[in-house]
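Chemist: coordinates only, no sequence provided:
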């Protein structure tokens, strides 16, 4: 299991965008597209290389009036890192 970057950033191989025909956010890459659920899209929108994971979690908790998101965000970040979505 590789370590999640301290300040995650979307990999240059992927582009996050709203896809009207999918009515959803997607990750585009040369070989295709990944349709994201709302939570994944909200996390990835915040992966700009400037925020650390704690700041991302804090922003999500404020934005969605939620608490206790740390473990879920870290789990997603691990998966996203393993898939090469973030660096």
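Modeler: That came in fine, so what should we check first? Since we're looking at a predicted model, the values are computed, not measured.
Chemist: assign residue 27 to helix, strand or coil.
Modeler: Here residue 27 is recorded as strand under DSSP: H, G, I helix; E, B strand; the rest coil.
Chemist: quick check: bridge partners of it?
Modeler: residue 16, residue 34 (DSSP bridges).
Chemist: what pLDDT does residue 22 get?
Modeler: Residue 22 is assigned a predicted lDDT (pLDDT) of 86.
Chemist: number of nearby residues for the closest residue to it other than its chain neighbours?
Modeler: In this structure, residue 22 finds its nearest non-sequential neighbour in residue 35, 5.7 Å apart by Cβ to Cβ, 6 or more residues apart in numbering. No exception for glycine: its C-beta is placed from N, CA and C like everyone else's. Residue 35 has 13 neighbouring residues, counting by other Cβ atoms under 10 Å.
Chemist: I figured residue 35 was touching residue 23, is that so?
Modeler: No. Contact criterion Cβ atoms under 8 Å: residue 35 and residue 23 do not qualify, at 9.8 Å.
Chemist: so for the longest helix belonging to the chain, what gets flagged as buried?
Modeler: Of all segments of type helix in the chain, defined using DSSP state H, the longest is helix 70-82. Residues of helix 70-82 classed as buried under the neighbour-count rule (16 or more other Cβ atoms under 10 Å) are 73, 76, 77, 80, 81.
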